[in-house]
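Undergrad: This is the structure alone, sequence omitted:
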């Protein structure tokens with residue numbers, strides 16, 4: 001995920017500003033989580049930028065708690081109730097996600113809304129080149145990631161209770177407006193000419209296929225996936241904060257953006273010799289997705305990438321604002337702020353590649 005992925009791995013004692021009274025939580029768990037029995041130890045995961053995430057350790061098993069961060073929040077952000085809803089629905093469809101035990105909307109328990117889910121043990125690869133495995137396994141891991149994204153986009157969202165999880169159609173129009181507004185409204189984080197140009201260019205170049213709709217993850221990267229400990233198989237997809245009903249091509253392009261992303265920004269393959277590593281090329285990866293969904297190509301792919309670079313830059317811009325206001329939930333927030341100018345420059349460069 002970063003130039004120093006080890007900084008994101010594992011847990012740490014709960015950081016200052018993110019502690020809470022554990023006794024009310026234990027009482028809530030006993031009343032709402034079948035089989036829960038203390039005593040309970042609470043640790044905080046090192047990774048994650050938006051919703052603080054904790055490991056709850058008991059003598060018999062471990063759980064994961066995701067909560068809204070403390071402090072003043074932007075309207076509509078950090079919607080843990082949406083995460084819980086999509087995880088519950090996808091669990092019904094047999095999609096690989098952690099099982100949800102319960103959602104708490106009572107601020108009196110730990111100070112913010114939260115939900116509890118199973119702790120899934122497996123492998124998380126913070127480096128997209130996957131140096132931990134043999135060359136022969138990398139292609140299979142990438143193919144499993146590709147297949148899992150197709151599986152998500154094929155879920156009948158109406159059938160699993162997610163028909164109201166977002167609006168259908170006009171995805172790019174709505175998303176460009178949303179992230180432009182968030183960028184423009186966050187005066188603490190400042191302005192950038194590359195972002196200002198993108199805000200003008202993107203709405204005028206939306207492809208004609210903006211009506212396609214599926215469940216989309218919104219942050220589908222290799223470091224948001226738990227793989228089986230020994231097999232090239234996905235056990236759980238994590239971090240659903242940005243999920244909604246939206247355009248599947250945009251969701252896929254966000255995943256494929258790794259081929260053009262420097263690894264010090266997020267888990268990317270920029271600059272890597274992927275052929276020597278045994279990783280499929282970008283063209284092969286896109287073709288495999290198209291084969292699985294029954295299409296010959298993704299005509300809007302270059303625009304999809306420009307949109308996703310812009311959106312990620314807007315997200316990092318929001319992290320900068322929270323870091324300035326003292327509400328960023330990860331020790332890695334400063335790293336995101338440091339690479340933000342480069343990311344915004346890359347976003348406009350992709351727009352130029354797409355025809356700007």
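TA: Yep, that arrived. Please read these numbers as outputs of a predicted model, since none were measured by experiment.

Undergrad: Give me the domain ranges for the chain.
TA: What automatic domain parsing lists as the domains of the chain is 5-118, 135-353.

Undergrad: can you give me the mean pLDDT across the first one?
TA: It stands for domain 5-118. The predicted model assigns domain 5-118 a mean pLDDT of 88.

Undergrad: ditto for stretch 332-348
TA: For stretch 332-348, the mean per-residue pLDDT is 92.

Undergrad: Can you list the buried residues in it?
TA: Applying a neighbour-count criterion of 16 or more other CB atoms under 10 Å, one finds 332-333, 335-337, 339-340, 343-348 buried in stretch 332-348. Heads up, the C-betas are built off the backbone N, CA and C, glycines and all.

Undergrad: Same check on stretch 110-122?
TA: Buried residues in stretch 110-122, counting neighbours by 16+ other CB under 10 Å, are found at 110, 112, 113, 114, 115, 116, 117, 120.

Undergrad: wait, which of the buried residues of stretch 332-348 is closest to residue 270?
TA: Closest approach to residue 270 among the buried residues of stretch 332-348 (CB to CB): residue 346, at 9.1 Å.

Undergrad: quick one, helices of the stretch 251-356 of the chain?
TA: For the stretch 251-356 of the chain, the helices defined by DSSP state H, counting those that start in this stretch occupy 274-277, 282-293, 301-325, 333-353.

Undergrad: ok, the closest residue to residue 111 other than its chain neighbours - how many residues close by?
TA: Spatially, and ignoring its direct neighbours in sequence, residue 111 is nearest to residue 20 (5.6 Å; CB to CB, 6 or more residues apart in numbering). By other CB atoms under 10 Å, 19 other residues sit near residue 20.

Undergrad: all strands for this protein, in order.
TA: For the chain, applying DSSP state E gives strands covering 11-12, 41-45, 53-57, 62-67, 100-104, 114-118, 214-216, 225-227, 234-237, 244-246.

Undergrad: Please tell me how far residue 125 sits from residue 225.
TA: Distance of residue 125 to residue 225, computed by CB to CB, to the nearest Å: 8 Å.

Undergrad: swap in residue 349?
TA: Distance, residue 349 to residue 225, using CB to CB: 27 Å.
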